[in-house]
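[1] Pasting the sequence and the predicted coordinates here, then a few questions.
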Protein chains: 2
Amino acid sequence: MTQTLTRIALASRPVGWPTQENFSVETGPVPEPGPGQFLARTIWLSLDPYMRGRMDDGPSYAAPVPLGGTMEGGTVSEVIASNHPDYAPGDIVVGRLGWASHGVSDGTGVRKVDPNLAPLSTALGVLGMPGHTAYAGLNAVAQARAGETLVVSAASGAVGSLAVQLGKAMGMTVIGVAGGAAKCAFVTDELGADACFDHRADETAKDLAARIAKAAPNGVDVYFENVAGKTLEAVIPNMAQHGRIAICGMISLYSGNTMGDRNQLPWIWRSILVKRLRVQGFLVGDHMDIQARFLEEVGPLVKAGKVKFRETVAEGLEAAPEAFIALLRGDNFGKQLVRVGADPA
Amino acid sequence: MTQTLTRIALASRPVGWPTQENFSVETGPVPEPGPGQFLARTIWLSLDPYMRGRMDDGPSYAAPVPLGGTMEGGTVSEVIASNHPDYAPGDIVVGRLGWASHGVSDGTGVRKVDPNLAPLSTALGVLGMPGHTAYAGLNAVAQARAGETLVVSAASGAVGSLAVQLGKAMGMTVIGVAGGAAKCAFVTDELGADACFDHRADETAKDLAARIAKAAPNGVDVYFENVAGKTLEAVIPNMAQHGRIAICGMISLYSGNTMGDRNQLPWIWRSILVKRLRVQGFLVGDHMDIQARFLEEVGPLVKAGKVKFRETVAEGLEAAPEAFIALLRGDNFGKQLVRVGADPA
């Protein structure tokens, strides 16, 4: 094999918004798989907001990407050479081989994908980590129940769009919040939310809160939090007693938004006490015990076309940095993917 | 009966710290119990920080005290006349008859007290609402477990002192935070905490955080929150992954402390996500289902002298406003009570 490996490395740590200069394209020889390893070529790369945190050199739930290191990310790949007894050339695997054309793995954190179940890209979206995240957040974390009212922020996104649909499927009233009229139309018309509000509309958090109050006259029982910022400010006053907030992300804060100068900690702390809220941060990795149940429940829905999803595809690995920056701005619509290599023949 | 009823009414709503002028002493005839009611004379009145919230005219978990209305509060009383089949003169009851020398009740929210179990005043403290609160917060809310590390703020107070002792009894490492060296000495020497830090010491939240870090090298698994403010700022960076914060109160915020100008909401929100914390507000009234279990477990410990408690007693109903203001300043030591009437003969 005389193929070339291409990878995207972290060139420098961003201050606030990342720029193209924070990334570099590196090339080198494709590695040989060692004993017990396999080599795979990347077909799809997933781009996700959490990656912004990996670019910083501070404490987080995972170690930062080192300078010069390959950016981390979930991938769908085809095994092309293997010294691993469980993997053979032609196998399709979902794993974390990073922003690279090829990767080697010993199988840790890798799962084989049935290519007949659904399009391969869904293993990174609705049937992958984002879908599993939505499922875990609603069920294991927020313990959402039929008849309750759910607000989902970033409702047209990879995680949010499944949270909306799972909420509707279990008999909840679902209110989405998304950025822009087109996304909101998708959330109501295609995903089936009862209402969706555009946080980019020219209005204050108070205005948004008033609109949510109208749509949720008995209050919000579950808030699936992906964004923080103005949406959080608007949801808190609408939370019902004994409401639950599942904090999945806070994309509006990732690049330096401080939510203004007033110290809102006393206000939020008091709201949690007075309404006896339960606020819980979570990471899908803490909920691997329900992954099988998630795939069993949601896999057939996807195959049957009963769960809708959108994808935004960037073409070619070199397009990943620009697509990632756009993702942080909210320019994507649904799951952001990078097409790195062709589907298997 | 030609006795006089004395009561303390809310004369005006405070702005920030309450003052004597916010209260008035009112007198009138002692009411007759109606059908199905009993009349009781007050022996002990409990003063608690939550009463500050009842003085405001905003949304909270309970309706505000109306202007001119009797201040609300828990009481231990002796039944002196009864038209209620379950209550007879001489019965000792704990209830919510308010800041008054006498009260009538139909029995709602009233519980008979066994005067042989422990001193009557404990029905308002370690065996009453504060004790039940500590028990519910640790067990039902935070799900504290042996081997974990617990931080209790206001650790010498009515709720905190039992939280410390219950934590030690279940095999936790317990760190108290209290205001002043005398209280801290009580928390370690009498209550058995492994450490106690004085939040009034001349140091920043960062200094306090460093001291907690030394005492909790593996992080804080459970924070029993009574105060917010500097203590909260110091505990958050020390929280362990999957830590739980049971929010019982936030006494430092009740009279207008805003915790400074920097907006700490993004910081706390990010901490909850990154460490996958669970933050839950609670009210003892939501946990009446475990009251019997609490009394069964803790009652014998109190009778056997295995649970220590402190009381600060103000003499006479008219002393209640001043004692309440002092309570908000943290001048009390342990449970703040008002001796309204004599023990039964």
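    Alright, I've got the coordinates.
[2] For A:Ala81, give me its contacts.
    A:Met1, A:Glu32, A:Pro33, A:Phe38, A:Leu39, A:Pro89 (CB atoms under 8 Å, 6 or more residues apart in numbering or on different chains). Using the backbone N, CA and C atoms, a C-beta is placed for each residue, glycine as well.
[3] Flag every residue of chain A that's near chain B.
    For chain A, the residues in contact with chain B (CB under 8 Å from any CB of the partner chain) are A:59-61, A:228, A:232, A:241-242, A:247-250, A:253, A:257-270, A:272-283, A:286.
[4] So which of those residues belong to helices?
    With DSSP state H as the criterion, helices contain A:Leu232, A:Leu265, A:Pro266, A:Trp267, A:Ile268, A:Trp269, A:Arg270, A:Ile272, A:Leu273, A:Val274 from among the residues of chain A next to chain B.
[5] May I see the residues you listed organised as JSON lines, with pLDDT, distance to A:Leu120 and neighbour count added?
    Below are those laid out as JSON lines (pLDDT from 0 to 100; distance: CB to CB, whole Å; neighbours: other CB atoms under 10 Å in any protein chain shown):
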{"residue": "A:Leu232", "pLDDT": "97", "distance to A:Leu120": "35", "neighbour count": "26"}
{"residue": "A:Leu265", "pLDDT": "95", "distance to A:Leu120": "44", "neighbour count": "25"}
{"residue": "A:Pro266", "pLDDT": "95", "distance to A:Leu120": "49", "neighbour count": "22"}
{"residue": "A:Trp267", "pLDDT": "95", "distance to A:Leu120": "46", "neighbour count": "16"}
{"residue": "A:Ile268", "pLDDT": "96", "distance to A:Leu120": "41", "neighbour count": "21"}
{"residue": "A:Trp269", "pLDDT": "97", "distance to A:Leu120": "45", "neighbour count": "24"}
{"residue": "A:Arg270", "pLDDT": "94", "distance to A:Leu120": "48", "neighbour count": "18"}
{"residue": "A:Ile272", "pLDDT": "98", "distance to A:Leu120": "42", "neighbour count": "24"}
{"residue": "A:Leu273", "pLDDT": "96", "distance to A:Leu120": "47", "neighbour count": "25"}
{"residue": "A:Val274", "pLDDT": "93", "distance to A:Leu120": "48", "neighbour count": "19"}
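[6] Just name the closest of the contacts of A:Ala81 to A:Asp221, please.
    A:Phe38 (45.7 Å; CB to CB).
[7] Contacts for stretch A:118-127 next, please.
    Contacts of stretch A:118-127 from elsewhere in the structure, counted by CB under 8 Å, 6+ apart, are A:43-46, A:74-76, A:92, A:94, A:113, A:117, A:128, A:130-131, A:158, A:161-162, A:295, A:298-299, A:302-303, A:307, A:309, A:311, A:313, A:334-335, A:337, A:343.
[8] Show me how the record splits chain A into domains.
    A:4-125+A:309-339, A:129-285 (automatic domain parsing).
[9] Highest mean neighbour count out of these?
    domain A:129-285 (a mean of 22; mean count of other CB atoms under 10 Å in any protein chain shown).
[10] thought A:Lys230 was touching A:Ser252?
    Yes. With contacts counted by CB atoms under 8 Å, A:Lys230 reaches A:Ser252, the gap being 7.5 Å.
[11] Not counting sequence-adjacent ones, nearest residue to A:Val126?
    Spatial nearest neighbour of A:Val126, excluding adjacent residues (CB to CB, 6 or more residues apart in numbering or on different chains): A:Phe309 at 4.4 Å.
[12] What residues does the one you found make contact with?
    A:Thr122, A:Gly125, A:Val126, A:Ala158, A:Ser161, A:Leu162, A:Val302, A:Gly334, A:Lys335.
[13] And these, which is closest to B:Gln291?
    Using CB to CB, these come closest to B:Gln291 at A:Leu162, 41.1 Å.
[14] for chain A, which spans come out with low pLDDT?
    For chain A, the stretches with pLDDT under 70 are A:1-2, A:60-61, A:255.
[15] for A:Val313, helix, strand, or coil?
    strand (DSSP: H, G, I helix; E, B strand; the rest coil).
[16] who's in contact with the particular helix or strand that has A:Val338 in it?
    Here A:Val338 sits within strand A:335-339, counting by DSSP states H and E. In this structure, residues lying in contact with strand A:335-339 by CB under 8 Å, 6+ apart are A:43-48, A:99, A:121, A:124-126, A:130, A:157-158, A:309-317, A:319-320, A:323-324, A:326-327.
[17] partner strands of it, parallel or antiparallel?
    strand A:38-46 (antiparallel), strand A:311-315 (parallel) (DSSP bridges).
[18] among the ones you listed, which is nearest A:Met172?
    Short answer: strand A:311-315, nearest of those by CB to CB, at 25.2 Å.
[19] Give me the distance from the closest one to the chain's centre.
    Put simply, strand A:311-315 sits 15 Å off its chain's centre (CA atoms, centre = their mean, to the nearest Å).
[20] What is the three-state secondary structure of A:Leu138?
    Here A:Leu138 is helix, with the state taken from three-state DSSP.
[21] how much space between it and A:Asp221?
    11 Å (CB to CB, to the nearest Å).
[22] Next, show the common contact partners of these two.
    In contact with both A:Leu138 and A:Asp221: A:Ala144, A:Leu150, using CB under 8 Å, 6+ apart.
[23] Quickly list what the closest residue to chain B within the stretch 101-250 of chain A is bridged to.
    Here the residue of the stretch 101-250 of chain A nearest chain B is A:Ile247; by CB to the nearest CB that distance is 4.8 Å. A:Ile247 forms beta bridges with A:Glu225, A:Gly281, as assigned by DSSP bridges.
[24] Would you agree A:Gly73 is in contact with A:Trp44?
    No. Using CB under 8 Å, A:Gly73 makes no contact with A:Trp44, being 10.0 Å away.
[25] Quick check: A:Phe224 touching A:Leu162?
    No. If you go by CB under 8 Å, A:Phe224 and A:Leu162 don't touch, sitting 10.1 Å apart.
[26] Now for those two: what residues contact both?
    By CB under 8 Å, 6+ apart, the residues touching both A:Phe224 and A:Leu162 are A:Ala134.
[27] Need the residues that contact the strand or helix carrying A:Gln165.
    Taking DSSP H and E as the definition, A:Gln165 sits inside helix A:158-169. Identification of contacts with helix A:158-169 by CB under 8 Å, 6+ apart yields A:48, A:125-126, A:130-131, A:133-135, A:137-138, A:144, A:150, A:152-155, A:174, A:176, A:178, A:187, A:191-193, A:222, A:224, A:226, A:248-249, A:298, A:301, A:307-310, A:334-336.
[28] and those residues, which of them are in strands?
    When DSSP state E is applied, these are split such that A:Leu150, A:Val152, A:Ser153, A:Val174, A:Gly176, A:Ala178, A:Val222, A:Phe224, A:Lys335, A:Gln336 fall in strands.
[29] Determine which two of those residues are furthest apart.
    Taking CB to CB, the two most distant members of the ones in strands among the contacts of helix A:158-169 are A:Val222 and A:Gln336; they sit 25.3 Å apart.
[30] give me the beta-bridge partners of the nearest residue to A:Gly125 once chain neighbours are set aside?
    Spatial nearest neighbour of A:Gly125, excluding adjacent residues (CB to CB, 6+ apart): A:Lys335 at 3.8 Å. Under the criterion DSSP bridges, A:Lys335 forms beta bridges with A:Glu311.
[31] Distance of A:Lys335 relative to B:Thr149?
    Distance of A:Lys335 to B:Thr149, given as CB to CB: 40 Å.
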